[in-house]
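Student: Okay, here's the prediction I keep looking at, along with the sequence it came from:
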Protein chains: 2
Amino acid sequence: MRDLLYLKDDQIKDFIEQIFYAYRETYSDPKKILKKYSFGTAHHRAIHLIERHEGLTVSDLLNKLKITKQSLNRVLRDLVNNKAIVLKKGEIDSRHRQIFLNERGKKLFEEIFLEQKKRIYNAFKNSDSDSVIKFKKCFKQNY
Amino acid sequence: MRDLLYLKDDQIKDFIEQIFYAYRETYSDPKKILKKYSFGTAHHRAIHLIERHEGLTVSDLLNKLKITKQSLNRVLRDLVNNKAIVLKKGEIDSRHRQIFLNERGKKLFEEIFLEQKKRIYNAFKNSDSDSVIKFKKCFKQNY
DNA sequence: AGTTTTTGGTCAGCTATATTGACATATCTA
DNA sequence: TAGATATGTCAATATAGCTGACCAAAAACT
């Protein structure tokens, strides 16, 4: 925290600009692949989080995405119809629906991830892996 | 680049997840402020880039935002009508329009930035300023 | 001087993704 | 059993992007 006092406003402003570029680039390349499945970026974000947190519930996903259940529901419906995910009744509380990728969903995720990896590797090629870890720690919130 | 070979897929996947959170949080807090001016996030992104690159041309801004000129034009028109920016003919090439924040735009930017700074400071409070610099370097592209 | 290219503005219609509000159903908890 | 919780769904609306067509001013080329 002490170190933060040395952060100049201009550095923070630049940082905000970089976050915009990072997000846009990270989620733009996979759009061609998604189109083959008739999906968009909203589906991509959901799939990514489901892969990272297999078996999470609908409300878990809502908390991570911070969108309304109506918005999410449309996305989940598309994913189910397209056989990319399956919903299973929660074992403890059967009101819950736990979300899992199935074969098709896993295949799509890997296809997308390969595409993203290319860019990330490129973005980091003049850097060191340490900064990845640090960035992650920085933005770690309660997700 | 060598270091990158040690980056595991899971770390990259986590990183992609964190970029999403970072972007969403960074651009969500200011929405209340923007609403007072009848602006949205599209206006925010434009204002941020104009502040960082005063006097940039319309096509410069298009290249940074990577949206169509029709989309950008609506945003710029709103900003001009709301007296947040001014367009001036380029001195060298008078086809160009150079974009500047005026008083109202600068005031809005500062209001937004103050809000963002709160969150960034909070996000980084368990880290060190070094990682900011590194992250910036990582995603530095041709902007 | 005349032609072509570049830069920017605008109209019209479409799509993706989000919102609010209302309401329904199944299940758990007290 | 009554109330709270988790989820699903309908309808209307807003934001911000897209494509395609067309236009004008200024610069560049020949």
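Tutor: That came through fine.

Student: can you give me the strands in chain A?
Tutor: Applying DSSP state E to chain A gives strands spanning A:85-89, A:97-101.

Student: Parallel or antiparallel, list what pairs with the first one.
Tutor: Each strand that strand A:85-89 pairs with, and the sense of that pairing, follows from DSSP bridges: strand A:97-101 (antiparallel).

Student: Now do A:Tyr121, the pLDDT please.
Tutor: Per-residue pLDDT puts A:Tyr121 at 78.

Student: okay, now A:Leu61: neighbour count?
Tutor: Using other C-beta atoms under 10 Å in any protein chain shown, A:Leu61 is surrounded by 21 other residues. In short, each C-beta sits where N, CA and C put it, glycine included.

Student: ok, now how distant is it from A:Leu76?
Tutor: The spacing between A:Leu61 and A:Leu76, counted by C-beta to C-beta, to the nearest Å, is 8 Å.

Student: Kindly report the same for A:Gly90.
Tutor: According to C-beta to C-beta, A:Gly90 stands 15 Å off from A:Leu76.

Student: Now the strands of chain A in JSON lines, please, with extra columns for distance to DNA strand D.
Tutor: Output for the strands of chain A, formatted as JSON lines (distance: least, C-beta to the nearest atom of the strand, whole Å):
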{"stretch": "strand A:85-89", "distance to DNA strand D": "6"}
{"stretch": "strand A:97-101", "distance to DNA strand D": "5"}
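
Student: returning to that earlier point: residues shared between the contacts of A:Leu61 and A:Leu76?
Tutor: The contact sets of A:Leu61 and A:Leu76 overlap at A:Ala46, A:Ile99 (C-beta atoms under 8 Å, 6 or more residues apart in numbering or on different chains).

Student: contacting residues for A:Ile85?
Tutor: A:Ile47, A:Ile50, A:Leu76, A:Leu79, A:Ile99, A:Phe100, A:Leu101, A:Asn102, A:Gly105.

Student: The first one touches A:Ala84, doesn't it?
Tutor: This means A:Ile47. Yes. Judged on C-beta atoms under 8 Å, A:Ile47 makes contact with A:Ala84 at a distance of 6.7 Å.

Student: and for these two, which residues touch both?
Tutor: What both A:Ile47 and A:Ala84 touch, as defined by C-beta under 8 Å, 6+ apart, is the set A:Leu101, A:Gly105, A:Leu108.

Student: Save those residues as TSV, and put in neighbour count too.
Tutor: What follows is these, written out as TSV (neighbours: other C-beta atoms under 10 Å in any protein chain shown):
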residue	neighbour count
A:Leu101	18
A:Gly105	22
A:Leu108	25
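
Student: related to what we said a few turns ago, which of the strands of chain A sits most buried?
Tutor: strand A:97-101 (a mean of 18; mean count of other C-beta atoms under 10 Å in any protein chain shown).

Student: Which single residue of chain A ends up nearest DNA strand D?
Tutor: A:Ser59 (2.8 Å; C-beta to the nearest atom of the strand).

Student: And that residue, how far from B:Ser38?
Tutor: For A:Ser59 relative to B:Ser38 (C-beta to C-beta), the value is 33 Å.

Student: Low-confidence ranges, chain A, go.
Tutor: Applying pLDDT under 70 to chain A flags residues A:1-6, A:125-143.

Student: can you give me the helices for it?
Tutor: A:9-28, A:31-36, A:41-52, A:58-65, A:69-81, A:103-123, A:129-139 (DSSP state H).

Student: now for the fifth one, which elements pack on it?
Tutor: The one in question is helix A:69-81. helix A:41-52, helix A:58-65, strand A:85-89 (3 or more C-beta pairs under 8 Å, 6 or more residues apart in numbering or on different chains; DSSP states H and E).

Student: orientation of that helix relative to strand A:85-89 in degrees?
Tutor: Interaxial angle of helix A:69-81 relative to strand A:85-89 (axes from the mean of the first three to the mean of the last three C-alpha atoms, to 10 degrees): 110 degrees.

Student: Which residues outside helix A:69-81 are in contact with it?
Tutor: A:38-39, A:42-43, A:46-47, A:58, A:61-62, A:65, A:85-87, A:99, A:105.

Student: same for DNA strand C: which of these are within range?
Tutor: When C-beta under 7 Å from any atom of the strand is applied, the members of the contacts of helix A:69-81 adjacent to DNA strand C are A:Phe39, A:Ala42, A:His43, A:Leu65.
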